[in-house]
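In: Okay, here's the prediction I keep looking at, along with the sequence it came from:
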Amino acid sequence: MADHAFSPWKVETRTRASSAFGLVALAVVIAAAAAPLFVSRSVIQDLFFILTMLVLAQCWNLLAGYAGLVSVGQQAFVGFGAYTMFAVVILAGLDPIVGILLAGITASVLAIPVAFFAFRLQGAYFAIGTWVIAEVVRLLLAQWKALGGGTGTSLPSGATREMFGVGLVSDWLGVRPSQAADIVCYWLALVLACATIGFIYKLLRSKQGLGLAAVRDNREAARSVGVDPGWMKSVVYLAAALVTGIAGALIYVQKARISPDAAFSLTDWTAYVIFIVVIGGIGTIEGPIVGVIVFFILLNLLADYGSWYLLVLGLIGIIVMLFAPRGLWGLFADRTGIQLFPVRRILTGASSTTKGVPHG
Amino acid sequence: MNWLDTIVQGVLLGGLYALFAAGLSLVFGIMRLVNLAHGDLIVLAAFLVLLLVTTLGLSPFVAAVIAMPVMFALGWVLQFGLLNRTLGNDILPPLLVTFGLSIVIQNALLEGFSADSRRISAGGLETASLQLGPISVGTMPLLTFLSAVAVIVGLNLLFYRTALGRAFRATSDDRETAGLMGIQPNRVFATATGLAMVVVTIAALYLGMRANFDPTMGPARLIYAFEAVIIGGLGSFWGTLAGGVIIGVAQTVGASINPEWQILAGHIAFLLVLLIWPRGLFPRAVD
């Protein structure tokens, strides 16, 4: 920064729209945090679903949209995180909150050997390889009889009602403990979603983020200026696994019942997530936010139509991929030039007539 | 436990996986298209054969022969109208479009045929067996394996002995230059997918005769097919057969130790092969 102190030039990523959006975002987060005071339990559960899917979508977007790692096996970390939490609660008798934190650690520990193996594979092989690994983790955990084996198990009754903070919320808001547990889960999901978006935004604006974009756009050129693609990809992969594991554990605290087939579901934890990211717009932070809202609306509109619902979802996915490969947010941003989470570096300075060439 | 018997059964099971995988291998080898709808297309073909058997009272083999041109046309149109638009350096568009397609096929079948398990009756062939020396071999698994070998031989002859095969290889190696030589890549790709659908029909015939099937079982078959293709190496049909056999043997050996380990053993064999040879055993083309 010392070099820039006397220079009239400045490299900025902020735009006027993004500054205004910052205030709006703050207001939305405050409103969301206060939501349990005003809305019913079922709305809180819906919001919880939206927030957790958003977290998973942001993680997958970071992998596929920025690091070029098209994983079809993120359900491995959702399920592993969820099983960690169940093991902590059932076998060790600890608080589910401890389980959620440990889930992040175990998921990133699992990601180390997975990365060691999967990073040797390219493109389609990587996608299929990660899928097979997720199946292997599912089949191995299905052998764990103490956690219900293939049929799964439930959290002991009372585990979520006696969870850290639930008693406090229950007294404070005057609600039943089961509802208070939902509220605590919701707040945790809100914190996780904000932290995930904040972390990804900070990462992408940093030097490392620039390196990541460089590796995605041209691996050889990036390497020639000293960016180590393998290292950056590993860091991103581990970070995504950590957050995905935490999200998985949180989702299953709320569900309170687990089975290998559900916790390692390709459809629920990867296919829907990919759908959300692609509909919204891959390679942007705004995309998954738009995508998860569209996904939720579709889910509610079509929920009564049984298999037609998935059929329509599949068709929409195909149409968007063919005709708007950068998603709904991409269409919007191309027309308006608005970026709410700008990561592009713009040179601004003394002379107002000179505009820097955007890069990054 | 009879190890010889286990391994023979595994090899024969591998024939079924190789049949699942052969069409995929053709498509993946020529255009690097990861077709996530392949498993669902097999199930779709199985329903088509079933429909012909039940409504016209045909033998399943005759029904499959009738289904082949229908499936060829479907594959041709699918590739020409839809999948060709997704080809390129980015693997995401084909992955997503075929995934969408997989969901569409699955749920259309659910609407049309309900979630009930079906089976194509082969008139007693299912339970027949042959005595080969010390071991007893089911006629159906043996027929499946021989069909797989025939399909692989057929694909190899087509690929290396015909003008169409030359066009396939040329487009696979260098699409632009092949285009300059008067080949129309889009049509070549459409023909390749059409042929893959003919192989899919053969796979569907055995899938339907050997066991029960329902509209949602496609993805589970797909993962074995992909494993066989990747173990074998890009663009090698014999490799795909070898891959199928490796998965099949691993599964029967795993199952003979502990029935719960059957699927797991297949996956672990796949991961071990890939750990040592990241590009598969016999890669023909450079990816």
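Out: Thanks, I have it.
In: Please count neighbours and contacts with C-alpha atoms only from this point.
Out: Noted.
In: All the helices of chain B, residue numbers only.
Out: Applying DSSP state H to chain B gives helices spanning B:3-31, B:38-56, B:60-77, B:92-113, B:139-161, B:163-173, B:175-180, B:185-210, B:218-232, B:237-257, B:262-276.
In: Report the mean confidence score over the fifth one.
Out: Going back to what we said before, that points to helix B:139-161. When pLDDT is averaged along helix B:139-161, the result is 94.
In: what's the answer for stretch A:27-47, then?
Out: 92.
In: Give me the number of neighbouring residues for residue 130.
Out: With no chain named, the answer covers chain A. Residue A:130 has 25 neighbours, counted by other C-alpha atoms under 10 Å in any protein chain shown.
In: Chain B, not that one
Out: Using other C-alpha under 10 Å, residue B:130 has 12 neighbouring residues.
In: Can you list the low-confidence ranges for the chain?
Out: Unless you meant another one, I'm taking chain A. Scanning chain A for pLDDT under 70 picks out A:1-7, A:349-360.
In: meant chain B, my bad for not saying
Out: In chain B, residues with pLDDT under 70: B:1, B:285-287.
In: the residue most distant from the middle of it, which is it?
Out: residue B:180 (31.9 Å; C-alpha atoms, centre = their mean).
In: Tell me the residues on chain B that lie near chain A, please.
Out: Proximity of chain B to chain A, by C-alpha under 8 Å from any C-alpha of the partner chain, involves residues B:34, B:85-86, B:91-93, B:96-105, B:107-108, B:110-111, B:223, B:226, B:230, B:264, B:267-268, B:271, B:275, B:278-279.
In: Could you rerun that using 7 Å?
Out: Residues of chain B found near chain A (C-alpha under 7 Å from any C-alpha of the partner chain) are B:34, B:91, B:93, B:96-97, B:100-101, B:103-104, B:107-108, B:111, B:264, B:267, B:275, B:278.
In: Out of the residues you listed, the closest to residue A:312 would be?
Out: residue B:104 (7.5 Å; C-alpha to C-alpha).
In: Which two of the residues of chain B next to chain A have the greatest separation?
Out: Farthest pair in these, by C-alpha to C-alpha: B:111 and B:275, 41.5 Å.
In: quick one, helices of the stretch 1-150 of chain A?
Out: Along the stretch 1-150 of chain A, counting by DSSP state H, counting those that start in this stretch, helices occupy A:16-34, A:41-61, A:75-90, A:96-118, A:123-141.
In: So which elements touch the last one?
Out: For helix A:123-141, the elements it packs on are helix A:75-90, helix A:96-118, helix B:262-276, judged by 3 or more C-alpha pairs under 7 Å, 6 or more residues apart in numbering or on different chains; DSSP states H and E.
In: ranking those helices by burial, who's on top?
Out: Of all those, helix A:75-90 carries the top mean neighbour count, a mean of 28, counting by mean count of other C-alpha atoms under 10 Å in any protein chain shown.
In: Packing partners of that helix?
Out: Partner elements for helix A:75-90 (3+ C-alpha pairs under 7 Å, 6+ apart): helix A:96-118, helix A:123-141, helix A:229-255.
In: how does it look with 10 Å?
Out: helix A:96-118, helix A:123-141, strand A:153-154, helix A:229-255, strand A:257-258, helix A:260-263 (3 or more C-alpha pairs under 10 Å, 6 or more residues apart in numbering or on different chains; DSSP states H and E).
In: Within its sheet, name the partner strands of the fifth one and how each one runs.
Out: Its sheet considered, strand A:257-258 pairs with strand A:153-154 (antiparallel) by DSSP bridges.
In: got JSON lines for the helices and strands packed on helix A:75-90, with distance to residue A:320 too?
Out: JSON lines is the format used below for these (distance: least, C-alpha to C-alpha, whole Å):
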{"stretch": "helix A:96-118", "distance to residue A:320": "29"}
{"stretch": "helix A:123-141", "distance to residue A:320": "21"}
{"stretch": "strand A:153-154", "distance to residue A:320": "39"}
{"stretch": "helix A:229-255", "distance to residue A:320": "25"}
{"stretch": "strand A:257-258", "distance to residue A:320": "33"}
{"stretch": "helix A:260-263", "distance to residue A:320": "28"}
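In: With residue B:139 as the reference, name the closest of the ones you listed.
Out: helix A:123-141 (31.3 Å).
In: gap between that closest one and the chain center?
Out: 19 Å (C-alpha atoms, centre = their mean, to the nearest Å).
In: ok and that helix relative to helix B:92-113, angle-wise?
Out: Counting by axes from the mean of the first three to the mean of the last three C-alpha atoms, to 10 degrees, helix A:123-141 lies at 50 degrees to helix B:92-113.
In: ok so, going back, just so I know, which of the helices and strands packed on helix A:123-141 lies nearest residue B:161?
Out: That would be helix B:262-276 among those, by C-alpha to C-alpha, at 30.7 Å.
In: Restricting to C-alpha, output that closest one in PDB.
Out: Written as PDB, here are the backbone C-alpha positions of helix B:262-276 (Å, rounded to 0.1, in the frame of the first residue of the first chain):
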ATOM      1  CA  GLN B 262     -20.400 -56.300  -3.700                       C
ATOM      2  CA  ILE B 263     -20.900 -52.800  -5.000                       C
ATOM      3  CA  LEU B 264     -18.200 -51.400  -2.700                       C
ATOM      4  CA  ALA B 265     -15.600 -53.800  -4.100                       C
ATOM      5  CA  GLY B 266     -16.400 -52.800  -7.700                       C
ATOM      6  CA  HIS B 267     -15.900 -49.100  -6.800                       C
ATOM      7  CA  ILE B 268     -12.700 -49.700  -5.000                       C
ATOM      8  CA  ALA B 269     -11.300 -51.700  -7.900                       C
ATOM      9  CA  PHE B 270     -12.100 -48.700 -10.100                       C
ATOM     10  CA  LEU B 271     -10.400 -46.300  -7.700                       C
ATOM     11  CA  LEU B 272      -7.300 -48.500  -7.400                       C
ATOM     12  CA  VAL B 273      -6.900 -48.800 -11.200                       C
ATOM     13  CA  LEU B 274      -7.300 -45.100 -11.600                       C
ATOM     14  CA  LEU B 275      -4.800 -44.400  -8.800                       C
ATOM     15  CA  ILE B 276      -2.100 -46.300 -10.700                       C
END
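In: Get me the contact residues on the stretch 151-300 of chain A for chain B.
Out: A:266-267, A:271, A:274-275, A:278 (C-alpha under 10 Å from any C-alpha of the partner chain).
In: Just put those in CSV and tack on neighbour count and secondary structure.
Out: Putting those into CSV (neighbours: other C-alpha atoms under 10 Å in any protein chain shown; DSSP: H, G, I helix; E, B strand; the rest coil) gives the following:
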residue, neighbour count, secondary structure
A:266, 21, helix
A:267, 13, helix
A:271, 20, helix
A:274, 27, helix
A:275, 26, helix
A:278, 30, helix
